[in-house]
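Visitor: what follows is a protein structure lacking sequence information:
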């Protein structure tokens, strides 16, 4: 049975991705910053008959928490097949370049970029023991710098000084990570789940968590001949599913 760690999985897209992977026969470590909320999420899934899941307390913005989570997981398993870096924050909106405090940028980047890097490097030893390791970095269509310069893009007016740039940086990190692992069995990709109605955006998005999670899960279960180093986005590029960077 393949094993997955999903950060920020106690609610919304991460929670639904957990459910879908459990339904596909994976064992999931449900990462949650808040242990109680994570436990409640696990109990809900078990009540649905999905038993191959347990909570792992992890705050991706806290190095000590990440190290403790690795130590705990290493005591449970020798191998991790999939890492889904899903945890993220927005920093609050609106975010104009002229008025947003640098402190907000630091806070957002701490979770959305530095946290992803810390978690990835820390859990890499377990992933390297998998025959088919997969890393999925949950990004946003708003991370595309190419599209942000195109006045015809449907989200051209949606600019943010912290959130969007943090996802652009995450995309760049994904490219480098995929390159460094290109001669291995790793598949490393960035996935835009789409503009989804969650508490992240006060439930304003038109998409559902079910469809969003499907996009994330699709990258998590790629076959050996699947792509790596891609920016998947059905929202940005419905024809190809590949977004420009």
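Guide: Thanks, I have it. This one's a predicted model, so the numbers in the text were calculated from it and none came from an experiment.
Visitor: now residue 53. Nearest residue, chain neighbours left out?
Guide: residue 28 (4.7 Å; CB to CB, 6 or more residues apart in numbering). Bear in mind the C-beta positions are built from the backbone N, C-alpha and C, glycine included.
Visitor: how about that neighbour, what does it touch?
Guide: 3-6, 9, 18, 21-22, 52-53 (CB atoms under 8 Å, 6 or more residues apart in numbering).
Visitor: so where do the helices sit in this structure?
Guide: 12-23, 35-47, 63-76, 102-109, 115-127, 145-148, 163-180, 209-220 (DSSP state H).
Visitor: need the contact partners of the shortest one.
Guide: Yep, that's helix 145-148 we're talking about. Contacts of helix 145-148 (CB under 8 Å, 6+ apart): 141-142, 153, 155-156, 159, 164, 168, 236, 243-245.
Visitor: mind giving me a markdown table with those residues and columns for neighbour count and distance to residue 89?
Guide: What follows is the contacts of helix 145-148, written out as a markdown table (neighbours: other CB atoms under 10 Å; distance: CB to CB, whole Å):
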| residue | neighbour count | distance to residue 89 |
| --- | --- | --- |
| 141 | 24 | 17 |
| 142 | 20 | 14 |
| 153 | 16 | 24 |
| 155 | 17 | 19 |
| 156 | 12 | 24 |
| 159 | 15 | 18 |
| 164 | 22 | 13 |
| 168 | 19 | 16 |
| 236 | 24 | 22 |
| 243 | 24 | 22 |
| 244 | 13 | 25 |
| 245 | 16 | 22 |
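Visitor: among the residues you listed, name the ones in strands.
Guide: Among the contacts of helix 145-148, no member falls in strands (DSSP state E).
Visitor: tell me which residues touch the residue nearest in space to the middle of the chain, please.
Guide: The residue lying closest to the centre of the chain (CA atoms, centre = their mean) is residue 86, at 2.5 Å. Residue 86 makes contact with 6-9, 13-14, 17, 31, 136, 138, 216, according to CB under 8 Å, 6+ apart.
Visitor: again, 10 Å this time
Guide: The neighbours of residue 86, taking CB atoms under 10 Å, 6 or more residues apart in numbering as the test, are 5-9, 12-15, 17-18, 31, 60, 116, 136-138, 191, 193, 213, 216.
Visitor: looking at the chain, which residue lies furthest from center?
Guide: Distance-from-mean max, the chain, by CA atoms, centre = their mean: residue 98 at 28.7 Å.
Visitor: hang on, that one packs against residue 159?
Guide: No - proximity of residue 98 to residue 159 does not meet the contact threshold set by CB atoms under 10 Å, at 11.5 Å.
Visitor: on that earlier part again, list the contacts of the residue farthest from the centre of the chain.
Guide: So residue 98 contacts residue 161 (CB under 10 Å, 6+ apart).
Visitor: and it, what's its pLDDT?
Guide: You'll see residue 98 listed with a pLDDT of 98.
Visitor: wait, isn't residue 22 in contact with residue 41?
Guide: No - counting by CB under 10 Å, residue 22 sits too far from residue 41 to count as a contact (11.8 Å).
Visitor: mind listing the shared neighbours of these two?
Guide: Common neighbours of residue 22 and residue 41 (CB under 10 Å, 6+ apart) are 30, 53.
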